[in-house]
Structures are given as structure tokens and as C-alpha cells.
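1. Take a look and give me a structure for this.
(2 chains)
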Amino acid sequence: MKKTPLNQVHRDLGARMVPFGGWDMPVQYSGVIDEHLATRNRVGLFDVSHMGEVEVVGSGALDYIQQLTVNDASKLVDGQVQYSAICYPNGGTVDDVTLYRFSAERYLFCVNAANTDKDFAWMQQQLQESGVPNVELRNLSNEFCQIALQGPRADEVLQGLTSVDLSSVAFYHFTEGGVAGLPAIISRTGYTGSGGFEIYAAADAAVPLWTALMKEGEEAGIAPCGLGARDTLRLEMKYALYGHELSEDISPLEAGLGWITKLDKGDFVGREALQGKKDAGLPRRLAGLKMTESGIPREGYPVYRNGEEVGIVTSGTMSPCLKVGIALALLPPEFCAIGTDLQVGIRKRQVACQTVKTPFVNI
Amino acid sequence: MDFPDELKYTEEHEWVLVEENIATIGITDFAQDQLGDVVFVELPDVGVEVEEGKPFGVVESVKAVSDIYAPLTGEVVEVNEELPDTPEMVNTSPYEDAWMIKIKLSDPKEVDDLMDAAAYEEFIED
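-> A predicted model of the protein is given here:
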């Protein structure tokens, strides 16, 4: 089991540790609901050092990335971040990623922890097949730690530890600067929907960085948050999680990521298949469900329309903000219209729900 | 963590209070701590027969779904009707407010197979 540099810190904080994608990670400290609400209302601190980082350098970097990913990386400027995905030739998803542009010849991918080795092997293979010259790939996952500081009070907490003017860092932009005297990448991104930052630094900076953020955040009511809250926060926002809403069998188009899939940017791996799927009409799409009767939808539960099974739940939980069961589900497009009455099969019952506008919460 | 002496316990982390031929059943302090925030409880109706070792209900935390197993065999004679509306009581008061069902025992001798508080405490330490 792999451990992040903060493993002992989590244990000392009394976290419950669980295996996640090959990593020994904290699932909760004080409790999922408490941590969720702390992030929505104040500020939460997340160890996301398990995420992978792959650097792409060289004069061919952009040409290569354009072949590899579904979004249009040519639109990026230095200091900007882009949400994107990597597909197989059949349109299935290798991973969803964020892409950082440091310069025209240097980019960094942040990839899902459990996919890091698979992604890096795929990237290397695609580099060979594309034949783009002057590109070097480096898997830097072990050299980085990553800490997410999320919530409405994230700015004031981080500003106390850096001379970077955070108001100059726009959403989905980043800058390099010191945090608590440690060199870091400060990125205004996240997976919670409550605003804030993802901070990348050297692995050996993780403990002092975490400690400084916890101390600086004390007055703002900072809470260390585990993977449990990370999951409920992203679900309330309808953010996809690889292995649930995206997979080898679920394309970005079906997962509602048409907005990052730029079919007209030029050729890329999977483009033809994705165009074909779009032209033929997608057989299923991701929709948000809200329970109208008591019950909690969970991954894998069937979705019914008047007794007939029509789809499947990809993720579900009790929403800590709404206090009702919510889910993401893959459904035929005719049942995705907002306000459609459906049922989720929970144990032996078919429990009423309705398709709703997403995100589930207004922040 | 608290394990009252007057209760009996199971390896599936239920507690039982036996008073004559009526057993009151809930889940232990250890169980609620392991589950985390309890957000949903599903209980059987009065009149249902529950069987020792078989699931009779469900408790859900934010993250997970867990069955609750009947520690003893018998007929459900009373259900905690407040619990489905206030599942958080499982966390705040596992032995009092969050009792789940009362059953009329079919075979009172089954009680002898349950652990006492000391044995249960030893069991969860392993």
C-alpha cells in the first residue's frame, strides 16, 4: 500500500484510514457531514498527494498533447489550467485530467491516482505512435505532494502564508510562489465547487505546508477533510469521478463532458469514434437524480421508468447540504429531461426520484 | 467507548437487552463509530418474524450500507418509529434513543450464546 508524505499526520489527527486506488488514505477525521459542511461554509484541507503528475517538455509538447487529449490545448496561455480527458481509439476514457501550461514547451498533467501508471504507459505509447519529435515525458508523481485548500475562506487563509497576490490568480489559472516559505504551484482549481486552491509542492514540503495551513486556518475554522467528504462534495456538483461516471466503457460525451470534447480541433485519439457516437445519437447520458421518497441511491442500483429498467446509478449518496438522497445515473436521453419521474431500485423497493438540474446545490 | 454491563452483545455488533421474554435490540457504540454519520435506518414492521443470524434491517452511513442482524429469533412486537426520521440518534445515543426493535423471544435459550460486555470488549480489541 502506498503512503503519501502526510500518512502519519493523518493518523495523529485520528483519521480513519482506508485503501483507495492502492493508497492508504484518510476517509474521514471528525465525520463526513461535518467536513463537507466545513468546506461549504468555511474552509477544508485535503491531502491529495496520491494524484499523479506527468510533465511534458520540448518543442513538440503542444502537438503531442493535441493528439493525446480531447480538449483544445492550443487555447491555453502560460499560467492557465484546462480540464480535459484522454480517450482510447474507441472513444472510451483512459482518464480525465487537468493540464497546466507553464510555457509553450512545458506542460504538466495532473491525473487520477489509481490511473497514474496506466496513464503514463499510455502516454508513452501514444508518443511513439504519434511520431511527434522533441517531446519528453516525465512521471513526477513521487516528487510532488498536493494539498487542496477549499472553501469560501480559502483565500484569506492562503493569503496569510504567501506574498503572491491571490486576487490576481483567476479561476483555472495558477502561479508559482512561496507558501509558508516553501516553493509551490498555487492553482485556483478544485474538486469541491466551493472555490479555493490546489497547492503542489515537493514531497518533502508536505508536512510543513500542511502544518502551516492548519495553523493559519485555525481562526477561519479550517477542518482536515478526507476522501468521504471529497466524494460527497464532488457529487453535489455533478463532477465526474473516474471508475464511476467515466471508464473504458463510458466516453466523455456520455458523461456530460461534451464541453471539453473539441471534435473540430483537428485529429486526436478517439476523435473519429466520438464523432460517430455523436452523429448516431448517444444511447445514454449522465443525469442528476434527487429522491422524492426516503432512500439513498448507491452505485450500481438500477433506475426504472414505470417498472421498466432503463438505466443505472453511477454514484449516489445522502447529500449533506440538501439532506436527501442524490445520484448520478446513465439514462437514455428521453428520460434525462429535468422533472422526469423515475424510480431507483433500493433493495426490494422501487423508490421515487426525479431528474433535476445540476449542480445539485447553488454555491 | 461505552458497553453497558446489563446488555448482551453479538459478533455483528448488535446489543440486546433481555427483560423476561422481550428483547430490545440496537447496534453498539463500536458499530456506530465504525459507520460514521448514520443517515438512514430501515426497520421491519411489527408482526414480522426475525431469525437469529439473519438480517432484519439496514443502517446506512454517508458512505456505506450495512445490514443489521437479528441476535435472537422472535416476532417483532414494537419498532422505534422515531428512528427513521432521526437516524443520527444511532450516533448520539446508540443504547437508549436509538433502540431499533423489540421482539418476543421464540427460544429464550438462544440468549446463552450472546457475549457479555467484557467478552464483547475483548472481541472488538482483536
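2. in the stretch 1-150 of chain A, which spans are helices?
-> Counting by DSSP state H, counting those that start in this stretch, the segments of the stretch 1-150 of chain A that form helices are A:7-12, A:32-41, A:61-68, A:116-130.
3. Let me have those in TSV, extended by mean pLDDT.
-> Shown next, in TSV, are the helices of the stretch 1-150 of chain A (pLDDT from 0 to 100):
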stretch	mean pLDDT
helix A:7-12	98
helix A:32-41	98
helix A:61-68	98
helix A:116-130	97
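4. so which of those comes closest to A:I296?
-> Minimum separation from A:I296 across the helices of the stretch 1-150 of chain A (CB to CB) falls at helix A:32-41, 13.0 Å. Backbone N, C-alpha and C define where each C-beta goes, glycine included.
5. does any bit of that closest one sit next to chain B?
-> Yes - Helix A:32-41 comes into contact with chain B (CB under 8 Å from any CB of the partner chain), by way of A:V32, A:I33, A:D34.
6. and the second one, how many neighbours does it have?
-> For A:I33, the number of neighbouring residues by other CB atoms under 10 Å in any protein chain shown comes to 22.
7. ok, it touching B:V62?
-> Yes - taking contacts as CB atoms under 8 Å, A:I33 lies within contact range of B:V62: 6.4 Å.
8. how about the residues of the stretch 101-250 of chain A near chain B?
-> A:G228, A:D231, A:T232.
9. residues in contact with the second one?
-> Contacts here follow CB atoms under 8 Å, 6 or more residues apart in numbering or on different chains; on that basis A:D231 touches A:L241, A:S315, A:T317, B:K63.
10. one more time with 10 Å
-> Neighbouring residues of A:D231 by CB atoms under 10 Å, 6 or more residues apart in numbering or on different chains: A:V27, A:V32, A:H36, A:Y191, A:Y239, A:L241, A:H244, A:S315, A:T317, B:V62, B:K63.
11. before we move on, back to that, please produce a markdown table containing the helices of the stretch 1-150 of chain A, extended by distance to A:D341.
-> Formatted as a markdown table, those follow (distance: least, CB to CB, whole Å):
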| stretch | distance to A:D341 |
| --- | --- |
| helix A:7-12 | 43 |
| helix A:32-41 | 28 |
| helix A:61-68 | 42 |
| helix A:116-130 | 40 |
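12. Most tightly packed of those helices?
-> The highest mean neighbour count among the helices of the stretch 1-150 of chain A, using mean count of other CB atoms under 10 Å in any protein chain shown, belongs to helix A:32-41: a mean of 24.
13. any idea how far the nearest residue to A:Q146 once chain neighbours are set aside lies from chain B?
-> Among residues not flanking A:Q146 along the chain, A:V48 sits closest, at 4.7 Å (CB to CB, 6 or more residues apart in numbering or on different chains). As judged by CB to the nearest CB, to the nearest Å, A:V48 and chain B stand 18 Å apart.
14. what does chain B have sitting close to chain A?
-> Applying CB under 10 Å from any CB of the partner chain, one finds that chain B approaches chain A through B:33-34, B:36-40, B:42, B:58, B:60-65, B:84-85, B:87-88, B:91.
15. Of those, grab the buried ones for ChimeraX.
-> Buried residues within the residues of chain B next to chain A, by 16 or more other CB atoms under 10 Å in any protein chain shown, are selected in ChimeraX with:
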select /B:36,37,38,39,40,42,58,60,61,62,63,87,88,91
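16. what's the burial count for the residue nearest to A:H50 when sequence neighbours are not counted?
-> The shortest distance from A:H50 to any non-neighbouring residue, by CB to CB, 6+ apart, is to A:A113 (3.8 Å). For A:A113, the count of nearby residues is 20 (other CB under 10 Å).
17. Need the pLDDT of A:A113.
-> pLDDT, A:A113: 97.
18. I'd say it and A:K2 touch.
-> Yes - the criterion here is CB atoms under 10 Å, and A:A113 meets it with A:K2 at 8.6 Å.
19. burial of the residue in the stretch 251-363 of chain A positioned nearest to chain B, as a residue count?
-> Using CB to the nearest CB, A:M318 is the residue of the stretch 251-363 of chain A that sits closest to chain B, at 4.2 Å. Neighbour count of A:M318, defined by other CB under 10 Å: 25.
20. For it, which non-adjacent residue is closest in space?
-> Per CB to CB, 6+ apart, closest to A:M318 is B:V39, 4.2 Å.
21. List the contacts of that neighbour.
-> Contacts of B:V39 (CB under 10 Å, 6+ apart): A:32-33, A:296, A:317-320, A:323-325, B:59-63, B:87-88, B:90-91.
22. So which of these belong to strands?
-> A:T317, A:M318, A:G325, B:V59, B:E60, B:S61 (DSSP state E).
23. The second one contacts B:P87, correct?
-> Yes - contact between A:M318 and B:P87 holds when scored by CB under 10 Å: they sit 9.4 Å apart.
24. Now do the shared contacts for those two.
-> B:D37, B:V38, B:V39, B:F40, B:E60, B:S61.
25. re the thing from before, could you check which helix or strand contains the residue nearest to A:M318?
-> Under the criterion DSSP states H and E, the helix or strand holding B:V39 is strand B:38-42.
26. elements contacting the helix or strand just after that strand?
-> Next helix or strand after strand B:38-42 toward the C-terminus (DSSP H and E): strand B:49-50. Applying 3 or more CB pairs under 10 Å, 6 or more residues apart in numbering or on different chains; DSSP states H and E, one finds that strand B:49-50 contacts strand B:55-61, strand B:74-79, strand B:101-105.
27. and those strands as JSON lines, adding mean pLDDT?
-> Below are the helices and strands packed on strand B:49-50 laid out as JSON lines (pLDDT from 0 to 100):
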{"stretch": "strand B:55-61", "mean pLDDT": "97"}
{"stretch": "strand B:74-79", "mean pLDDT": "98"}
{"stretch": "strand B:101-105", "mean pLDDT": "98"}
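28. Return the residues in contact with B:Y69.
-> Counting by CB under 10 Å, 6+ apart, B:Y69 has contacts B:10-14, B:25, B:27, B:50-57.
29. Narrow those residues to those that are buried.
-> Looking at the contacts of B:Y69 with 16+ other CB under 10 Å, the buried ones turn out to be B:T10, B:E12, B:H13, B:E14, B:I25, B:I27, B:V50, B:E52, B:F56, B:G57.
30. A:A61 is in contact with A:A104, correct?
-> Yes - assessed by CB under 10 Å, A:A104 is found in contact with A:A61 at 7.5 Å.
31. Just give me the neighbour total for the residue nearest to A:Q146.
-> 20.
32. how near is it to B:D29?
-> Between A:V48 and B:D29 the computed distance is 32 Å (CB to CB, to the nearest Å).
33. ok, now A:L263?
-> 56 Å.
34. Just checking stretch A:355-363 against chain B, any contact.
-> No - Stretch A:355-363 does not reach chain B (CB under 10 Å from any CB); its nearest approach is 14.7 Å.
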